[in-house]
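**Q** Sequence first, predicted coordinates after that:
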Amino acid sequence: MPPYRLPLYHQQSPAMRCINFLCAVLLTLVLVAGVILFVLWLSLRPHKPKFFLTDFSIPNVNRQSGAVNLPVGFSVDEHNPNQKIGIHYDSMYGSVYYGDQLIASGQVMYPFYQAPKGDTPVTGQLSASGPTPNDPAWQRFAGDVAAGSVPLRLMLNSTVRFQVKVWDTREHRMKVDCEFKVNGDGTLQQQYRNSRCGLYF
């Protein structure tokens, strides 16, 4: 008859059993802490802001002498979708393009703070620098104006920081890209009102 052997657990010394118990407790604590941190990360993870083009105009854009010095006005609604995270914006700069040609640019907003779930209208008043009859793009621009549909792009650039109570994240460079068309009189076409702009970090 073979000799009886104790189970492996009973063969271990008390010190080894204590070490195994401590390892199991430590592993359990690590797993619980990991789950808690993951839940906190999901609840505090910053969501990117949203931007919607609400208005744009270039009065007298059909002027035969070109668009130089014409007023360029726009309004973009900024929305912070986060419930517990605020957003700090540095100065915001706007640029308007016709194709690859820059036709207006300048600072449109001073630094501001956007509270959680808040909205801020970003409004700009710029002065057009073109195009003029001497520009290569003038014939195409004048043709689009005559056809009553001029494709334009509004770019907004800033640096943002997300804030959770007293903790701020690192700075992120932000670019907002709104593509739209204006009518022959320089007003925004109806289908582009409240259209969502692209956002890049």
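**A** On my side now, so go ahead.

**Q** Determine the three-state secondary structure at Ala33.
**A** Secondary structure state of Ala33, per DSSP: H, G, I helix; E, B strand; the rest coil, is helix.

**Q** ok, now how distant is it from Ser149?
**A** When distance is defined by C-beta to C-beta, to the nearest Å, Ala33 is 58 Å away from Ser149. The way it works is simple: take the backbone N, C-alpha and C, and place the C-beta from them, glycine included.

**Q** for Ala128, same thing?
**A** 18 Å.

**Q** what does Asp90 give?
**A** Taking C-beta to C-beta as the measure, Asp90 falls 35 Å from Ser149.

**Q** out of these two, which sits in the busier spot?
**A** Neighbours of Asp90 and Ser149, each counted by other C-beta atoms under 10 Å, are more numerous for Asp90; the result is 17 against 12.

**Q** Would you map the helices across this structure?
**A** Using DSSP state H, the helices found in the chain span residues 8-11, 14-44, 138-147.

**Q** Comparing the ones you listed by mean pLDDT, which bottoms out?
**A** Set side by side, the helices of the chain give their lowest mean pLDDT on helix 8-11, at a mean of 53.

**Q** Does anything pack onto the longest strand seen in the chain? Which helices or strands?
**A** When secondary structure is assigned using DSSP state E, the longest strand within the chain turns out to be strand 150-164. Applying 3 or more C-beta pairs under 8 Å, 6 or more residues apart in numbering; DSSP states H and E, we find strand 150-164 packed against strand 50-57, strand 71-79, strand 86-89, strand 92-98, strand 101-109, helix 138-147, strand 172-182.
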